[in-house]
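Undergrad: sequence plus predicted model, see below.
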Amino acid sequence: VIIDELRARRPRVHCITNTVAQTFTANMLLAVGAVPSMTIAADEVADFVAASGALLVNLGTLDPQRRAAIAGAVEKAVYKGVPWLLDPVFVERSPQRGAYARELVRKAPSGVRLNGAEFESLAGAGADTENLARYAQRSHTVVALTGEVDVVADGARLARIANGHQLMGRVTAMGCAGSAVVAACLAVESDAFVAIASGLVAVGVAGELAARRAKGPGTFAAAILDAIYALDGETLRMRAKVE
Amino acid sequence: VIIDELRARRPRVHCITNTVAQTFTANMLLAVGAVPSMTIAADEVADFVAASGALLVNLGTLDPQRRAAIAGAVEKAVYKGVPWLLDPVFVERSPQRGAYARELVRKAPSGVRLNGAEFESLAGAGADTENLARYAQRSHTVVALTGEVDVVADGARLARIANGHQLMGRVTAMGCAGSAVVAACLAVESDAFVAIASGLVAVGVAGELAARRAKGPGTFAAAILDAIYALDGETLRMRAKVE
Amino acid sequence: VIIDELRARRPRVHCITNTVAQTFTANMLLAVGAVPSMTIAADEVADFVAASGALLVNLGTLDPQRRAAIAGAVEKAVYKGVPWLLDPVFVERSPQRGAYARELVRKAPSGVRLNGAEFESLAGAGADTENLARYAQRSHTVVALTGEVDVVADGARLARIANGHQLMGRVTAMGCAGSAVVAACLAVESDAFVAIASGLVAVGVAGELAARRAKGPGTFAAAILDAIYALDGETLRMRAKVE
């Protein structure tokens, strides 16, 4: 089971992510058993990526320094065969970010995690399963569309994941941190489709468990870290809503 | 009631704010019902502001990139009529920041939220109600002075708000996040004086409710997010201490 | 007792620290009674340092802007006699960071806090007590090695501190925030060896108390802020495991 692999192998995950999400993302990775690093210094990032089991590229709060870091990080990841996940946050809000995201997709990330509005903007097509599958195939990637029901598509296979809780939408960086967990799964499971679906199930189940203890979004953010820290393979098997 | 308007309309609030405050600020906005964005990339910020209902400009951790972002953001806000709030954090600690803040006030923000030391440094005058009113009138803005008792002045009207709790001073970015809630109120209420006073009451009441559940500043930070998420117009009316 | 001095004098601590750690670091400082500031703007940082009781220099997420800020900040600290603490995060992961850290050590910080891997990379020697003492003496600093047992060495004296809890390793920036508490102690106690050991004991004891209330790393992060806020000299004396 991937969750046990994560705890046993404690993979390093390098994250180029937005400043809003960094702390919660690092805490989510630590809670699940991975070891986060986050530098965006141009002369350091390649060394960090080379020593990591996976790379997360998140386009939130995108600035020139982050772009330079992404270039170096992705180049090193591709060269070294380090799996990497793209999270094109808010790609629909700025044409520049859209163009940049499309450029990155051309480098064939192991996966792309995004919501409906982001997919529509990126792919120029509605976020239905057929378009997802086609986009995944054409882009040589796995698409993970998150929403009330998550959909994972790699062109050949399709999974629907109905785990999660509405409070997840009321905590900033929940999606970004979820992407980091997915990236951690890519570090220990070479089938990207399986890794990504497993990561999304883990985050969704943790969200359900957290909601039972939370009194609102503030206590929920702490509770989901507790929940993902305590998750075991048995609980995941029992609670996974995958088809 | 403004709080119901926020939940119904879910305004986008773009925040140029310091890196220390970003996460808590985003969580506060999500908890109150608004949708935060935070990019400071020069080529994106105007697009984000144009699509937002309000803009927050916070001068904490001010660096050249933030200054460039502020210039583009404020220009777009003024052009599009997007209300904007200035929070001149630590303006008294650095002459450069002081000069920069005064320049921004000349662009007539919808409101300026600050504490006593910041007002004295910015206005070159003691933080009494007369000076607040005069400064507000002269600067074509609404001044919101926060402290044990908050004072809101627009030159003609004056409100004193006695809500709040001392633990609010022991959580970083509480003031910054409070400013973001105030900015969200500006997005749904065109009378800036009313919007700002309402926002401060909401944050103060949430602080009082949170303190009843908190065991210290750590649990308080989570509890105030829970409290602002659960706030309703009835509770606000019952607990508001405004004169 | 240092903890009482902190509450009475509320020293300002300027932190140049990584973006992942900023919020939790600021909250830890506020909880212990200090007043944090965090700007890295080149034209402001010297003014902030000059008005502070201590300076923290943390090398996480090191970028050109942070380096410029560190140069100005350290120069001002040395000139004004403001005590400063170096935390060379992840120095073993990038040769550039290593060279930079060694340059900073040559400026004789009041203390250097680091873990075993970081010490070995920085000193080019195993992290045993003899090497720690030798490195401290040669570098005119106090070395604080943190791990399951913390070791503080100034060349002449040596302290071993066995406080702490394993959940501290599952919350991001716990070490960075601990360094900030240590820096705050340097602001109120001129014997750096005593200040640093006291700070580490306070953080370790707070961790033990927090673990009794936490259900995992999420609630632990909040609980340690509550615990450090409530710490008193009596509790510290009773629970300190120093030899």
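TA: Received, thanks.

Undergrad: residue contacts, residue A:242?
TA: Listed by Cβ atoms under 8 Å, 6 or more residues apart in numbering or on different chains, the contact set of residue A:242 reads A:159, A:160, A:161, A:162, A:197, A:201. Backbone N, C-alpha and C define where each C-beta goes, glycine included.

Undergrad: one more: residue A:176?
TA: Residues A:17, A:18, A:20, A:21, A:24, A:25, A:58, A:60, A:87, A:89 are the ones in contact with residue A:176 under the rule Cβ under 8 Å, 6+ apart.

Undergrad: from these, which has minimum pLDDT?
TA: Checking pLDDT across the contacts of residue A:176, the minimum falls on residue A:60 at 88.

Undergrad: ok, for the residue sitting nearest the centre point of chain A, nearest residue in space, not its chain neighbours?
TA: Closest residue to the average C-alpha location of chain A: residue A:179 at 1.5 Å, with Cα atoms, centre = their mean. Leaving out its chain neighbours, the residue that sits closest to residue A:179 by Cβ to Cβ, 6 or more residues apart in numbering or on different chains is residue A:87, at 4.3 Å.

Undergrad: so residue A:125 sits right up against residue A:135, yeah?
TA: Yes - checked against Cβ atoms under 8 Å, the pair residue A:125 and residue A:135 is within contact range at 7.1 Å.

Undergrad: what ranges of chain A fall below the confidence cut-off?
TA: Judged by pLDDT under 70, chain A has no weakly predicted residues.

Undergrad: quick check: residues of it near chain B?
TA: If contact is defined as Cβ under 8 Å from any Cβ of the partner chain, the residues of chain A in contact with chain B are A:18-21, A:23-24, A:60-64, A:90, A:93-97, A:169-173, A:214-219, A:221-222.

Undergrad: buried ones among those?
TA: In the residues of chain A next to chain B, burial by neighbour count holds for A:18-21, A:23-24, A:60-63, A:90, A:93-94, A:97, A:170-173, A:214-219, A:221-222, counting by 16 or more other Cβ atoms under 10 Å in any protein chain shown.

Undergrad: those also near chain C: which ones?
TA: Restricting these to those adjacent to chain C (criterion: Cβ under 8 Å from any Cβ) gives A:19, A:23, A:221, A:222.

Undergrad: tell me if the first one really is in a strand.
TA: Think residue A:19. No - the secondary structure assignment for residue A:19 gives coil rather than a strand, going by DSSP: H, G, I helix; E, B strand; the rest coil.

Undergrad: now for the helix or strand hosting residue A:204, which elements pack on it?
TA: Secondary structure from DSSP states H and E places residue A:204 in helix A:192-211. Counting contacts by 3 or more Cβ pairs under 8 Å, 6 or more residues apart in numbering or on different chains; DSSP states H and E, helix A:192-211 packs against helix A:2-9, strand A:111-114, strand A:142-145, strand A:150-153, strand A:158-161, helix A:174-188, helix A:217-230, helix A:233-239.

Undergrad: the same query, at a cut-off of 6 Å, please.
TA: strand A:142-145, strand A:150-153, strand A:158-161, helix A:174-188, helix A:217-230 (3 or more Cβ pairs under 6 Å, 6 or more residues apart in numbering or on different chains; DSSP states H and E).

Undergrad: chain C contacts on chain A?
TA: Among all residues of chain A, those adjacent to chain C (criterion: Cβ under 6 Å from any Cβ of the partner chain) are A:19, A:22-23, A:26-27, A:30-31, A:38-39, A:41, A:43-44, A:47-48, A:222, A:225-226, A:229-230.

Undergrad: who's in contact with residue A:112?
TA: Shown here is residue A:112, whose contacts under the criterion Cβ atoms under 6 Å, 6 or more residues apart in numbering or on different chains are A:86, A:141, A:143.

Undergrad: circling back to that earlier point, report the buried members of the contacts of residue A:242.
TA: A:159, A:161, A:197, A:201.

Undergrad: let me know the outermost residue of chain A.
TA: residue A:215 (26.3 Å).

Undergrad: what's in contact with stretch A:52-69?
TA: Contacts for stretch A:52-69 (Cβ under 6 Å, 6+ apart): A:11-19, A:40, A:42, A:45, A:49, A:70, A:73, A:77, A:82-89, A:97, A:176, A:179-180, A:183, A:186-187, B:38-39, B:41.

Undergrad: I'd like to know how far the closest residue in space to residue A:217 that isn't next to it in sequence sits from residue C:50.
TA: Taking Cβ to Cβ, 6+ apart, and ignoring the residues beside it in sequence, residue A:217 has residue A:170 as its nearest neighbour in space, at 4.1 Å. Here the distance between residue A:170 and residue C:50 works out to 42 Å (Cβ to Cβ, to the nearest Å).

Undergrad: doesn't residue A:40 lie inside a strand?
TA: No - assigned with three-state DSSP, residue A:40 falls outside any strand and is coil.

Undergrad: which residue, other than its chain neighbours, is closest to it?
TA: Here the nearest residue to residue A:40 in space, its sequence neighbours aside, is residue A:69; by Cβ to Cβ, 6+ apart that works out to 3.9 Å.

Undergrad: again with residue A:118
TA: Closest residue to residue A:118 apart from its sequence neighbours, by Cβ to Cβ, 6+ apart: residue A:91 at 4.9 Å.

Undergrad: was I right about that neighbour contacting residue A:99?
TA: No - using Cβ atoms under 6 Å, residue A:91 makes no contact with residue A:99, being 9.6 Å away.

Undergrad: so who does residue A:223 touch?
TA: By Cβ under 6 Å, 6+ apart, the contact set of residue A:223 is A:210, A:213, A:214.

Undergrad: relative to chain B, which of those is nearest.
TA: Distances from these to chain B were compared by Cβ to the nearest Cβ; the smallest belongs to residue A:214, at 7.8 Å.

Undergrad: tell me how far the residue nearest to the closest one when sequence neighbours are not counted lies from residue B:216.
TA: If you skip the residues right next to it in sequence, residue A:214 has residue A:220 as its closest partner in space, 3.6 Å away by Cβ to Cβ, 6+ apart. Computed as Cβ to Cβ, the residue A:220 to residue B:216 distance reads 19 Å.

Undergrad: follow-up on the earlier one: how many residues are close by the residue nearest to residue A:214?
TA: A total of 27 residues lie near residue A:220 under the criterion other Cβ atoms under 10 Å in any protein chain shown.

Undergrad: please name the residues that touch it.
TA: The contact partners of residue A:220, taken as Cβ under 6 Å, 6+ apart, are A:167, A:210, A:214.

Undergrad: do that again at 10 Å, thanks
TA: If you count contacts by Cβ atoms under 10 Å, 6 or more residues apart in numbering or on different chains, residue A:220 has them with A:165, A:167-168, A:170-171, A:174, A:207, A:210-211, A:213-214, A:227, B:222, B:225-226, B:229, C:218.

Undergrad: what subset of those residues is buried?
TA: In terms of neighbour count (16+ other Cβ under 10 Å), the buried residues within the contacts of residue A:220 are A:165, A:167-168, A:170-171, A:174, A:207, A:210-211, A:214, A:227, B:222, B:225-226, B:229, C:218.

Undergrad: quick check: the farthest pair among those?
TA: Of all pairs drawn from the buried ones among the contacts of residue A:220, the one with the largest separation by Cβ to Cβ is A:227 and B:229; the distance is 19.1 Å.
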